[in-house]
Structure formats: C-alpha cells, structure tokens
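Peer 1: Please work out how this folds:
(chains A and B)
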Amino acid sequence: MSWAETMRAGLDAIRAQRLRSLLTVLGIVIGISSVILTVGLGQGAQRQVQDQIDALGSNLLIVSPGSSTDSSGVRGGFGSASTLTMSDAEAIADPVAVPDAAAVAPTVSTSSSLAAGETNWTTSMVGATSSWPRVRSRELSSGRFLTAEEIASAAPVTVLGADTVAELFSTGSPVGQTVRVEGTTLTVVGVLAESGASSSGASEDDQAVVPLGLAKQLTGSTDTSVSTIYVEATAQDTLGAAYQEVETLLHNLHGVSAEEADFSLATQDSLVATANETNETMTVLLGGIAAISLLVGGIGVMNIMLVSVTERIREIGLRKALGATPAAIRRQFLVEASMLGLAGGLVGVLIGGLGARVLPALIDQPVAISLTATMAAIGTALALGIGFGVYPASRAARLAPIDALRSQ
Amino acid sequence: MSVVTCPDGDPAVHLAGVRKTYRSGTVEFEALRGIDMAIGTGDFVAVIGPSGSGKSTLMNLLGCLDVPTEGTYLLGGEDVSTMSETQLAHVRNRRIGFVFQQFHLLASLPAWRNVELPLVYAGIGRNERRERAVAALERVGLGDRVGNRPGELSGGQQQRVAVARALVTEPDIILADEPTGNLDSESTEAVLGLLGELHDAGRTIVLITHELEVAARAHRQLVIRDGRITSDESIGASR
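Peer 2: As a prediction, this is how the structure comes out:
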C-alpha cells in the first residue's frame, strides 16, 4: 500500500469520526496555541523593552546614584541615594576628562500634579538642561525647547509630552497656555514629538520638562543632587571607552574604589540584557506550562487512538484478510495519528496567530510571532502524533486476523 | 479418508496430515485431527459440519488466516503452512477471495471503494483499480450501485458487494464462510445463484455452511465432524 493510499485511508478514517477527531486534537490545539502565544508574548515584551531603551537615545550611558550591587551582593535601589550632583555632570562634560562624551544631560525627575483650568494630571516632571533633547533623541512637534537663558534663570516655562498635552488640553494648541504646578504658573513653550516607543508604565510621552533649577525649586530641594546623568558617547565604538572614562572620573571625584562605588553605570545594551533576563525567565516558565499541556494533548491522541484500534478491530481484521501486511496496518494507524497531530498543530498555530492579533488590543502587550517558533510548534505537534501513535499502531499491527474478524 | 485425487491435474488446494491444536493454559484442544484433502481447480465444494466440528478452523487454515500445527497445506502449488505473517498477507491478497457471513464492508466507503480494497494492498494504480472494481460490481449485478455506501444497500446487495470484492483480484479460490447466514431466502437465492454462475465461469469455490440446502448447491460435499472429514461425495454434474 503506497503512502498516498495510506494517507487517503487516514483521511477517510478521520472524516468518518469528525467530532471525535476534533476532540482528539483539542489538547494539541490548546497546547500549540498557548506555546505560540507565550513565546509571542515573551518576544513581544523583549522587543518592547528594546524599543523603549532604544528610544532613550543613541550611544547612551546612564549614570544613576547608588550602587546597583554592593560587594556582598545586596542590591541598592536605583535613586535611593543622592550621591550624584551637578558638579559630577559638569566634570563629565569636560572634554579633557571624558574625551569620548559628546553631550551630557543631568536630570532630576519627580512625580508632580499639573493643572490646566479644571483639569488635573499627575505626571513625571523632569528638570533638564539644554542638551536634553539631543542626548535623549527627542524632537518637538510644536513650539520650541527651553532656551539656555530660561534654564540658567530657572524660568517658569515647560515643554510637555504628547500624552500629557492630550490629558490636559482637550482642544487647540497648548503652546502659549499655562499649567500650574505646586502653586507656580508655568507657560507651555513647546510639545515633544511622540517618542515612537510603545508605551507602558512611565511613558516617555507623558512628562513635563522644565528647567533643572526650576524643578529643584518646585520640589523644595536645596542641594545640587540630580536623579540621573545621561551621557551620549561620540559614537557606538567609543561607548566602551566613555564608560571607562566616566567610571574612573567618578571614582576619583567621589574618592571611592570600584567596590564601594556610590553610583552605577549602565549602557542601553546592559539595560536590555537585564530586562531580557527577566522576560526570558517568564517565557521559559510559561512555555514550560504550555509544553506540559502539549504532552497532555499527546497522551489524549494516544488514548483515542487506542480506543480507535479497539473499535475498529473488525476493520483491521478485514484489511488483514484482504492482504494488508502488519507493516501496512501499523503505517495506516501511524499516519492517522500523525495527521491528527499535524492538524492539531496547524489549527493551534492558526488560533495562536489569531490570539496574537487580538490579545495586544485587550491587554496592551505586544505579541511577536516568529516563524521559527511557528515551524517548531508544527513540528512538535507532528512529532507528538507520531510518538504517541506508535503504541496504538503496533497494537493494531499485532492483532491476529481471525480474532479481529470474529470480534463483534 | 484417503487423499482425494483430482481429475484436472494440479489441485488448487492440497492438505496433507493437517492438524490444528489450540492451547489455552494447560488445556489442549485438537480442532483438526488429520485432514487430507484436495480441491481441484474449478471445483465447487461445500464443507458441512455442525458447530464445534472444526469447520471454522478449517476455513481459517484454507484462508491462510492461520497456519496448521502439523501437516502441509499447498495452495496453488505453494506451501503456505510455514509462511510468516507478512508472506501470508501477500498470499491472501493474491490467491484468496473472502465472503463472510457479516459481509465485513467498511461502512464509511462507497461500494466501489470497498471492492477495490484488495487491489490497494496489491499495489495497483488508482485508475485500474476503479475500472476493475466497477467491472466486478457489474459482474454481480450492482453496476448501478457503485457509489452507494453499505448502509444504503440491502443485505443481499451488501453480500453481492462482498462477492465482487472477493472476485476483483481474480483469486485462486473464493472462500465463502456462511455467506447466506444473515440473509433472507430471496437474497440467499441471489447470492447462491451468483456463486453458481461464478463456478460455471470456472472459479474454484469453497462454501462453508451448516445448512444442507445451501450445501446442496455445491458439486461436492465434504462433511467434517470432530476434526475429521467423515464423508466426501460428489453430487450433481461434477466437471
């Protein structure tokens, strides 16, 4: 019996028991679609993080106060100390000390409540200097950025993110209008163009940028500490050198050794790597659960195939009487199980793909479907069908034709 | 009984000293206790016996569904008593056409696809299979029922489909095991008439039955009792 004939017989058998075939593959369908979705969610989250970190700016070094990990491995929270100051930022900006830094942007950021007319909105208020748009790769969609004079004099002006504008001003251009923060009235001089990064949590498009000095005054702070110093390296290649230079400089300025550093340095790559580690753990965990459901689905196929062998014992007997060899019977049932597996895989991929389209709208999480994962899922489903079909198939092949024929 | 000689030369079926013993734990049961017989090509033989006589066991051996414990069985000159299961499958496919009491048609397939089934296992191409299946169905008078599923056919028609399936490979012998056991008298008449016609056309037919009326249609009657052949007589116009 040729393969084509065997496949035809398999299709006939599956069609003869439509509902049962459907229920048989349900386990595989659920397993495959959940694998596709979890892997897609994991990869989507990774891509999102990548996008967000890319949107921070290019060739970026991020200096934060507090050490990320002390010598005993205890993690100190970011921003838990105010060990970075304006003078650190000025020192980094010195082209002699850090020749590979192209621009330096110290920032302070706090959460503040803004009011425009009757509308209130809590957003992140960022105190910045004039190099901020360059270092953070931000452009303005209308108006202008803060001028050097405004920054020097801590003038009551602000540049708002696109989402912030949408929350505070329902109509018309906000440029020239005012917002109130902590009793101070600020004039809106510009609006930031959308960063393009998909947003979640603290959005890059929801912030109010003010002169650094003003941010200090508004929060009642009298020292010169800053929250974060962004350093743009001159090029991708010099990022490593800039990292070394900034690290050495700050060690010297703060009089600390590498072990007792009171600041931490990160590059975009290291941020991406850290974020991905967490995501990968989640993906592996969820993928593992999905894989178990696949295993259960495979056992379901075996179960039904065994029932099918018992039920079709007379058909097997007849086929043997008409000249089917044990090998032909084994192949018939194996092909049938593989077809069920493959069909389950294809339907699972279809449902997973559909879910990947629908889910982002529901839970605000991007889902990335990769071709590799899809092919692997289909391959797995096929392998499950074959793997769990072997035992039922060889049982069918071993049946003695007389016993099989005589059974009622 | 002595070995039956056959006027037409080489017998289609030749059994010598065939015994079949079933073991169930420590209990042994001898179903066949030394069968010697020959069936000539073109013969129409009825094997008669009450239940428990060894009739079914003989049918299984003749149909190569089982092998003898002792003795030799030559089918078309080929010794099938020592063959492997795979070899037996090929022999059944090429040399034997079965007609069963319960028809044994696959309910999900139309008549012609039931009939072509042995040709599928013989590795014959699709077009030729369809042609031969349709021809066999025409031969049994069901040329207009080619596409019907078994459920849409009467019992007699289903058995005729089964006869067509037995015919389609041009086997050495057609083995009919109580072919009329599930049929009313009219359908019985139709199926027996068909077997008679096939015999007239030169086919070798072995009919296993416990009904004397049915056996009377054959040209030779073998009576089996307690695992032995107790009577062998030719009736009517033996050829």
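Peer 1: and residue 101, how many neighbours does it have?
Peer 2: In the absence of a named chain, chain A is used. 24 (other C-beta atoms under 10 Å in any protein chain shown). Every residue, glycine included, has its C-beta placed from N, CA and C.
Peer 1: wait, I meant chain B there
Peer 2: Residues near B:Gln101, counting by other C-beta under 10 Å: 17.
Peer 1: For whichever residue of chain B sits closest to chain A, which non-adjacent residue is spatially closest?
Peer 2: Of all residues in chain B, B:Asn93 sits closest to chain A, at 2.4 Å by C-beta to the nearest C-beta. Leaving aside its sequence neighbours, B:Asn93 sits nearest to A:Gly323 (C-beta to C-beta, 6 or more residues apart in numbering or on different chains; 2.4 Å).
Peer 1: got a list of what that neighbour touches?
Peer 2: B:Ala89, B:His90, B:Arg92, B:Asn93, B:Arg94, B:Pro118, B:Tyr121, B:Ala122 (C-beta atoms under 8 Å, 6 or more residues apart in numbering or on different chains).
Peer 1: so can I have CSV of the residues you listed showing secondary structure and pLDDT?
Peer 2: Below are the contacts of A:Gly323 laid out as CSV (DSSP: H, G, I helix; E, B strand; the rest coil; pLDDT from 0 to 100):
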residue, secondary structure, pLDDT
B:Ala89, helix, 94
B:His90, helix, 94
B:Arg92, helix, 94
B:Asn93, helix, 94
B:Arg94, helix, 93
B:Pro118, helix, 95
B:Tyr121, helix, 93
B:Ala122, coil, 93
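Peer 1: so how far is stretch A:24-44 off the chain centroid?
Peer 2: Stretch A:24-44 sits 17 Å away from the centroid of its parent chain (C-alpha atoms, centre = their mean, to the nearest Å).
Peer 1: Show me which positions of that stretch end up buried.
Peer 2: Across stretch A:24-44, burial judged by 16 or more other C-beta atoms under 10 Å in any protein chain shown covers A:24-25, A:27-44.
Peer 1: The lengthiest helix in chain B - what's its average pLDDT?
Peer 2: Counting residues, the longest helix in chain B under DSSP state H turns out to be helix B:185-200. The average pLDDT within helix B:185-200 is 91.
Peer 1: Check which helices and strands it sits against.
Peer 2: With contacts taken as 3 or more C-beta pairs under 8 Å, 6 or more residues apart in numbering or on different chains; DSSP states H and E, helix B:185-200 sits against strand B:44-48, helix B:155-167, strand B:173-177, strand B:204-209.
Peer 1: The residue of the stretch 1-150 of chain A found nearest chain B: how many residues sit nearby?
Peer 2: For the stretch 1-150 of chain A and chain B, the shortest gap (C-beta to the nearest C-beta) falls at A:Ala16, measuring 3.9 Å. Burial of A:Ala16 is recorded as 14 neighbouring residues (other C-beta under 10 Å).
Peer 1: Quick check: it touching B:Ser108?
Peer 2: Yes. When contacts are counted by C-beta atoms under 8 Å, A:Ala16 is listed as touching B:Ser108 (3.9 Å).
Peer 1: Could you give the bridge partners of the spatially most central residue of chain B?
Peer 2: In chain B, the residue lying closest to the centroid (C-alpha atoms, centre = their mean) is B:Leu175, at 0.4 Å. Beta bridges link B:Leu175 to B:Phe98, B:Val206 when assigned by DSSP bridges.
Peer 1: Pipe the helices and strands packed on helix B:185-200 into CSV and attach mean pLDDT per row.
Peer 2: Output for the helices and strands packed on helix B:185-200, formatted as CSV (pLDDT from 0 to 100):
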stretch, mean pLDDT
strand B:44-48, 94
helix B:155-167, 94
strand B:173-177, 93
strand B:204-209, 93
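Peer 1: A:Ala361: which of those is closest?
Peer 2: Shortest distance between A:Ala361 and those, using C-beta to C-beta, is found for helix B:155-167: 56.8 Å.
Peer 1: got the residues of the stretch 201-350 of chain A near chain B?
Peer 2: By C-beta under 8 Å from any C-beta of the partner chain, the part of the stretch 201-350 of chain A that sits against chain B consists of A:314-315, A:317-328.
Peer 1: From the residues you listed, pick the one nearest chain B.
Peer 2: A:Gly323 (2.4 Å).
Peer 1: What residues does residue 204 make contact with?
Peer 2: Here I'm looking at chain A. Contacts of A:Glu204 (C-beta under 8 Å, 6+ apart): A:Gln52, A:Ala55, A:Gly161, A:Ser195, A:Ala197.
Peer 1: meant chain B, my bad for not saying
Peer 2: B:Ala12, B:Val13, B:Ile39, B:Gly40, B:Thr41, B:Gly42, B:Asp43, B:Phe44, B:Asp172, B:Ile173, B:Ile174.
Peer 1: Please apply the same query to A:Ile289.
Peer 2: A:Ser34, A:Thr38.
Peer 1: Then A:Gly127?
Peer 2: A:Gly127 sits in contact with A:Thr107, A:Val108, A:Ser109, A:Val209, A:Val210, A:Pro211, A:Leu212, A:Gly213, A:Leu214, A:Ala215, A:Lys216, where contact means C-beta under 8 Å, 6+ apart.
Peer 1: Which parts of chain B are helices?
Peer 2: B:55-62, B:85-95, B:111-121, B:126-139, B:155-167, B:185-200, B:212-215.
Peer 1: now swap in the stretch 251-400 of chain A and tell me
Peer 2: A:268-311, A:313-321, A:326-363, A:371-398 (DSSP state H, counting those that start in this stretch).
Peer 1: Of those helices, which stretch is the most buried?
Peer 2: helix A:313-321 (a mean of 23; mean count of other C-beta atoms under 10 Å in any protein chain shown).
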